[in-house]
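>>> 3D model of this:
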Amino acid sequence: MYAIVESGNKQYRVAVGDTITVDRLECEDGAELTLDRVLLVGGDEVKVGTPTVDGASVSATVVSNTKGPKVTTFKYKRRHRSRVRKGFRAHHTTLQITAING
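I've put the predicted structure just below:
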């Protein structure tokens with residue numbers, strides 16, 4: 001059984017036991033989460049939501065809150081001696097999928 005869930009305006013295909021990395025969620029390590037935005041539930045019978053499947057949810061456990069790899073941005077305007085170099089590291093939350101309900 002698998003499901004497609006939405007978190008942070010991104011969609012993820014998950015199954016029980018999968019580990020996914022999503023945008024930062026405000027929760028502590030080891031906390032239990034319920035993802036309610038389930039767009040599709042697949043398996044023997046496929047249920048497609050309009051836009052979400054009624055009564056479906058995905059349970060997950062927070063494994064860690066970390067930072068992603070450093071991303072460097074560089075802006076350059078020729079003939080103006082203008083150069084701007086910046087970098088950032090996005091915050092991520094790693095989730096372990098424990099159950100698919102629905």
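>>> middle-most residue in this protein, spatially?
Residue closest to the average C-alpha location in the chain (C-alpha atoms, centre = their mean): Val22, at 2.6 Å.
>>> That residue in helix, strand or coil?
For Val22, the assignment made with DSSP: H, G, I helix; E, B strand; the rest coil gives strand.
>>> Report the beta-bridge partner residues of it.
According to DSSP bridges, the partner residues bridging Val22 are Thr93.
>>> ok, now how distant is the residue of the chain positioned farthest from its centre from Ala56?
In the chain, Arg79 marks the outermost C-alpha relative to the chain mean, sitting 41.8 Å out by C-alpha atoms, centre = their mean. The gap separating Arg79 from Ala56 is 57 Å, by C-beta to C-beta, to the nearest Å. Quick note: C-beta positions are derived from backbone N, CA and C, even for glycine.
>>> Next: Thr93.
From Thr93 across to Ala56, the span is 21 Å (C-beta to C-beta).
>>> ditto for Asn9
Note on Asn9: its distance to Ala56, by C-beta to C-beta, is 19 Å.
>>> I appreciate the help and will end here.
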